[in-house]
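Chemist: Okay, sequence plus prediction incoming.
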Amino acid sequence: MRRPNSGVAGSALIWTILVITILSMVAAELLRVVSGKYYNTLHTAVWQESLLAAESGIDLAVVELRKSLYPAPNNAWNGWNTDGAGTSYGLTTIPNAGLASTPMTIEVNVDAPAQLVDASTSWQYYRIRTTGTMPLMGPARASDNKQDTHLRKYSLRWDRFTNGILSSQAVSSPRVSRRIEAIVRPVGSFDQAIMSVGALNLTDANILIDSYDSRDPLKSTNGLYDVSKRQQHGSIATDGSILNAGNAHVYGDVATNSGTVSGIANVSGMERDDFYQEPIPIAAPSWPSINPTPMVVSGNANLSANAVQGSPASRYMLSAVHLSGNQTLNLTGDPNGTTTYIEVYVTGDISATGNSQIVLQPGVKAKIYFAGNVAVEGNGLVNMNNQPGDLYMYGITPPSGNSGTVDIGGNGELSAAVYAPDFDVTIHNGGVKGTVDGSFVGKTVVMNGITDLHYDEALGSGGIVNNYKIVSWFEDTR
Amino acid sequence: MVSGSRPRQRLDRSSRGFALAELIVSTAIFSTVTAALLMGFISLKRSYAATTDFAINHADQMRISDYMAMDFRRAIKVDPPNRNDVYIYIPCYYDSTPAHNVQTPTLDGKGGIYYGASDCSITVHYYLSAGVIYRQESNNGPVALATDVQDFVFDTTDLGKVITTSITFKPTFNSSGATDTVAKATAFYNTTLLRNNRGVY
């Protein structure tokens, strides 16, 4: 039997070991590089997710703020905590929301700083601070690039944001947190010249809608509409899908909620289909005390305004207002025309036919709530201030399934802002020409005849708060 | 008489040296195997280097994109963007103390708010210079976000409410087969919604 050459066998073994060693080193290095890049990419994706979590916190806060606008009981802030100083605090964890079924944690603080109150409207802006946190999978290892580490600031050992403040504390497992501060401002109910929940129909090419700003002398003359200073914010919108612009002259945008617009030949602005606005319903006033007389108006009458806003002496509850012939309902204030306030709640219908009138005397600022139908002809509603922001009309939400009507017609002029999202609103003209300064919100809105609608942009800061809008957004990258 | 010469001893066949032919054949085989291994390792090394470069460049793309998106989101103003050069203005959210405390927001009377002084903003400048993409915040020194980026190009397009960013690079392959035709540029696109809407409320 021959013995193998031991020298040859040893050489082969050495070669084999050498090759395996080199290949193993290559494989190990490759694994190291690939795993590093893999975790870098994975952590980047989780970092992006944590921003989604933080922004979801803003949405959660705005939902609660919007709930608080609804008539009670609105269940706003249920499940949230308060620190007693006006800060509401909410913590939401959504299981399986992240990569590989990781949980998404959203921490939200909402407060109302005193310096964020608009003095002109008394509207409160809110500050929302929200932190989105996601767990990081894999080893607690920083990125192999310094700038990645500087940008993404993973919490591998210490958490940067704890309880909404910069107070580091040890973490049990790696995570990433991103923090945003957003300021939201109230949005008024009269943000558009016309807004309808359902169909919006401008039937006539002779209709004109434009805007002015009674606060700005460059956009108005003595606070009144001036055609030479016409503005392009007479926008109309529907939360529904049908808008017929009727070839009316619209100096502004037309918008639907994923719908279609027809008759836009004379629209100067943009056509949009991304409009969404859920109108806040109006509840019947619940005043603790009122001026008990009169209880109904069916002839000449005076209702007195008061220098103190919300005074029981200038709060009236009427079962109906029916005027005809030459009858007049005066809403009277100070003879000198200084500012006075009045609120009228009509539980039934309002009608002014023939030459009858409801007259808002100089200096009076009125809010008229109505539960029944409204029918006003000609110059049936006279606002002697000529400022639509001085005459707000609110249609109270009827029982479920019902809707009312608001019918404003004739050849006269009207300065008012009408918010009736549960009413079918018709603005029509039966003769030469009608002019309306103001804004309309209705369940449906129809305009016909020869009518000009001049939207006062100052109304955007008036009326009831209908929504909240982000006006400042900042990511805290400390 | 026996001659004085030593008797010839027959060597065992297995103990004999290589014949010339065997030597030549074994050397040829060894050379071939070694050359093949060498070429394999060189090829592996090139592939490894190219893959690493690609991964690094891709990470650079993501980093630049994420940095720019972060600043665009919180921008209150963006100067007309040019290729490889854009100025972004963000609110003065922090005060000037070393702790960078958050400033209190103030209403601007037009429906918006501001931090710090009413006209205060922080400038963030992104630009490409000598193969390096920099981010410079205010008067601080520029920070290199990515180096060796001679093939990088970033384009920003202002579409009003959104800004789109495109960052492209061409992978570097050193092997002879990787021509320009083969090495296509890789683009990374990002569309960022400007949360602050730039003063339009």
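Modeler: Cool, the structure landed. Because the structure is a prediction, the values reported are computed rather than measured. Residues are numbered from 1 along each chain as shown, chains lettered A, B, ... in the order given.
Chemist: Please tell me how far whichever residue of chain B sits closest to chain A sits from A:Ser258.
Modeler: In chain B, the residue that lies nearest chain A is B:Arg195 (3.4 Å; C-beta to the nearest C-beta). (C-beta placed from N, C-alpha, C; glycine too.) The spacing between B:Arg195 and A:Ser258, counted by C-beta to C-beta, to the nearest Å, is 23 Å.
Chemist: Neighbour count for these two, which is higher?
Modeler: Shown here are B:Arg195 and A:Ser258; by other C-beta atoms under 10 Å in any protein chain shown, B:Arg195 has more neighbours (22 against 10).
Chemist: hang on, that one packs against B:Arg74?
Modeler: Yes - B:Arg195 is within contact range of B:Arg74, at 6.7 Å (criterion: C-beta atoms under 8 Å).
Chemist: List the contacts of A:Arg230.
Modeler: With contact set as C-beta atoms under 8 Å, 6 or more residues apart in numbering or on different chains, A:Arg230 has these partners: A:210-212, A:251.
Chemist: again, only using 6 Å
Modeler: Contact analysis of A:Arg230 by C-beta atoms under 6 Å, 6 or more residues apart in numbering or on different chains lists A:Asp210.
Chemist: And it, what's its pLDDT?
Modeler: Note for A:Arg230: predicted pLDDT of 94.
Chemist: and what of A:Asn5?
Modeler: Reported pLDDT for A:Asn5: 56.
Chemist: Same check on B:Ala28?
Modeler: On pLDDT, B:Ala28 comes in at 93.
Chemist: What of the one 3 residues further on?
Modeler: The per-residue pLDDT reported for B:Ser31 equals 94.
Chemist: measure it to B:Leu23 for me?
Modeler: 12 Å.
Chemist: A:Gln14: what secondary structure?
Modeler: Gln isn't right for residue A:14; it's Ile. Under DSSP: H, G, I helix; E, B strand; the rest coil, A:Ile14 falls in the helix class.
Chemist: what's around it, how many residues?
Modeler: That count, for A:Ile14 with other C-beta under 10 Å as the rule, works out to 10.
Chemist: again with A:Gln115
Modeler: 10.
Chemist: repeat for the one 3 residues further on
Modeler: Applying other C-beta under 10 Å, we find 15 other residues in the vicinity of A:Asp118.
Chemist: so how far is A:Ile282 from the nearest residue to A:Gly188 once chain neighbours are set aside?
Modeler: Nearest residue to A:Gly188 in three dimensions, chain neighbours excluded: A:Gly463, at 4.7 Å (C-beta to C-beta, 6 or more residues apart in numbering or on different chains). To A:Ile282, A:Gly463 is 11 Å away according to C-beta to C-beta.
Chemist: quick one: low-confidence ranges for the chain?
Modeler: As the question left the chain open, I've gone with chain A. Screening chain A residue by residue with the criterion pLDDT under 70, one finds the ranges A:1-10, A:162-168, A:410-411, A:430-433.
Chemist: that answer is for a different chain, and I need it for chain B
Modeler: For chain B, the stretches with pLDDT under 70 are B:1-18, B:148-152, B:158-160, B:171-184, B:197-201.
Chemist: Quick check: residues of it near chain A?
Modeler: Residues of chain B lying close to chain A by C-beta under 6 Å from any C-beta of the partner chain are B:55, B:62-63, B:67, B:74, B:91, B:93, B:100, B:105, B:112-113, B:145, B:195-196, B:201.
Chemist: quick one on the thing from earlier: neighbours of the closest residue to the residue of chain B closest to chain A other than its chain neighbours, how many?
Modeler: Spatial nearest neighbour of B:Arg195, excluding adjacent residues (C-beta to C-beta, 6+ apart): A:Trp473 at 3.4 Å. By other C-beta under 10 Å, the residues close to A:Trp473 number 23.
Chemist: A:Trp473 belongs to a strand?
Modeler: Yes - assigned with three-state DSSP, A:Trp473 falls within a strand.
Chemist: Point me to the helix or strand that includes the closest residue to chain B within the stretch 1-150 of chain A.
Modeler: The minimum distance from the stretch 1-150 of chain A to chain B, using C-beta to the nearest C-beta, falls at A:Lys37 (4.7 Å). According to DSSP states H and E, A:Lys37 maps onto helix A:6-67.
Chemist: So the spatially most central residue of chain B: helix, strand or coil?
Modeler: For chain B, the residue sitting closest to the mean C-alpha position, by C-alpha atoms, centre = their mean, is B:Asn57 at 2.2 Å. Here B:Asn57 is recorded as helix under three-state DSSP.
Chemist: quick one: contacts of stretch A:137-151?
Modeler: Stretch A:137-151 has contacts (C-beta under 6 Å, 6+ apart) with A:36, A:39-40, A:156, A:174, B:63, B:67, B:145.
Chemist: and the two most separated of those?
Modeler: Maximum pairwise distance in the contacts of stretch A:137-151, criterion C-beta to C-beta, is 23.9 Å, between A:Pro174 and B:Leu145.
Chemist: neighbour-wise, which of the two wins?
Modeler: B:Leu145 (23 against 19).
Chemist: ok, back up a step: name the nearest residue to the residue of the stretch 1-150 of chain A closest to chain B, sequence neighbours excluded.
Modeler: Leaving aside its sequence neighbours, A:Lys37 sits nearest to B:Ala55 (C-beta to C-beta, 6+ apart; 4.7 Å).
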